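Enquirer: What follows is a predicted protein model with its sequence.
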Amino acid sequence: MLLYAMRRLLATIPVMLVVALVVFALLRLTPGDPALVIAGDLASEEDVAEIRSRLGLDRPLHVQFVTWIGQLAQADLGVSVFSNMPVSTLIVQRLEPTVSLAVLTMVLSIMIAVPLGILAAWKAGGAVDRLLMMGATFSLSMPTFLIGYLLAMLFSRELRWLPVQGYRSIGEGIGPFLSHLAMPAMTLGLVYVALLARMTRATMIEVLNEDYIRTAHAKGLKSVRILFRHALKNAAVPVVTTAGLGVALLIGGVIVTESVFAIPGLGRLTVDAVLRRDYPVIQGVILVFSAAYLVINLLVDLSYSLFDPRVRY
């Protein structure tokens, strides 16, 4: 398994290079000039040219790309053109809210989605199954920002149960921490729960039709034991795979959710950087998100052996 993990980690290097090239090219092709944003509306052409020269934006694109790759090879993500702070420092400062939101969303989503998917599979074709799948389809079709605004209107404006914006560190108390992340986690979780519940249902229905499940029923085993001890373990690999692939959906949702609820995380940092045309920050954050996605999918692949003894690396 260790050799497999090492090979997978080495294989991420060309993937990250491709991601870096695509991000670099897209940003340079996007309309907008960081020098104009920094200089302001009243700046002269000479002032803008001086800023472009200072930032290195007047050099050929291939020279800029090679310079940036050289910095990445030294674990240097560059310096923000707007705040003049190291990009790595900005990312570390914004990392806690994003990680807290993502982890809380994933934990709550798995705890809710898996039982719902099992229930839908157990009652396949019945009213409960149809109701749950209708709800899952409805959640998947709704934009994340719309879910956030609806939850904010309900729990903050009408019921006044939860704060509508901001973030509190866990060091300030578990109560304020959870109260500020509850609505953002629900906003992200509704889509994630729908995805996992649908996959759990489909996989469980397939497993429940296997011969060994019918044998277990014939032996008189209780339905709960059959569902959770025998069927769920064999259905876990596709569900875990979907959970890992759903991280991409989660990352995209984080950017929107943090903007809706004014959470000072990496998502909000990305939006601010895009508005300011802060190339180094955008590139750095996207690379961090990409690396996190690759590592999580590696961990998902390694976890297969825990659920299926036939899987060997």
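Expert: Alright, I've got the coordinates.
Enquirer: ok now stretch 100-118, how far from the chain's centre?
Expert: Remark: stretch 100-118 is offset 13 Å from the chain centroid, using CA atoms, centre = their mean, to the nearest Å.
Enquirer: and what of stretch 174-182?
Expert: Worked out by CA atoms, centre = their mean, stretch 174-182 lies 20 Å from the chain centre.
Enquirer: Equivalent analysis for stretch 215-224, please.
Expert: Taking CA atoms, centre = their mean, one finds the center of stretch 215-224 at 39 Å from the center of the full chain.
Enquirer: now the residue positioned nearest the centre of the chain, nearest residue through space, not along the chain?
Expert: The centroid of the chain falls nearest to Ile251 when counting by CA atoms, centre = their mean (2.4 Å). Closest residue in space to Ile251, ignoring its immediate chain neighbours: Phe289 at 5.2 Å, by CB to CB, 6 or more residues apart in numbering. C-beta coordinates here come from the backbone N, C-alpha and C atoms, glycine included.
Enquirer: same thing with Leu162?
Expert: Nearest residue to Leu162, sequence neighbours excluded (CB to CB, 6+ apart): Phe155, at 4.6 Å.
Enquirer: in terms of contact, does that neighbour touch Trp161 like I think?
Expert: Yes - with contacts counted by CB atoms under 8 Å, Phe155 reaches Trp161, the gap being 5.0 Å.
Enquirer: who's more crowded, the two?
Expert: Looking at Phe155 and Trp161 with other CB atoms under 10 Å, you find the greater number of neighbours at Phe155, namely 17 against 11.
Enquirer: Dihedrals phi and psi, the more buried one?
Expert: In terms of degrees, to the nearest 10, the main-chain angles of Phe155 are phi -90, psi -20.
Enquirer: As a check, name the ranges of all strands in the stretch 101-250 of the chain.
Expert: With DSSP state E, counting those that start in this stretch as the criterion, the stretch 101-250 of the chain has no strands.
Enquirer: Can you tell me how far His180 is from Met153?
Expert: The gap separating His180 from Met153 is 17 Å, by CB to CB, to the nearest Å.
Enquirer: quick one: contacts for the residue nearest to the centre of the chain?
Expert: For Ile251, the contact set (CB atoms under 8 Å, 6 or more residues apart in numbering) comprises Ala102, Phe289, Ala292, Tyr293.
Enquirer: Contact partners for the third one?
Expert: Ala292 sits next to Val247, Ile251 when contact means CB under 8 Å, 6+ apart.
Enquirer: Starting from Leu294, give me the distance back to the residue nearest to the centre of the chain.
Expert: For Ile251 relative to Leu294 (CB to CB), the value is 12 Å.
Enquirer: Okay then, goodbye and thanks.
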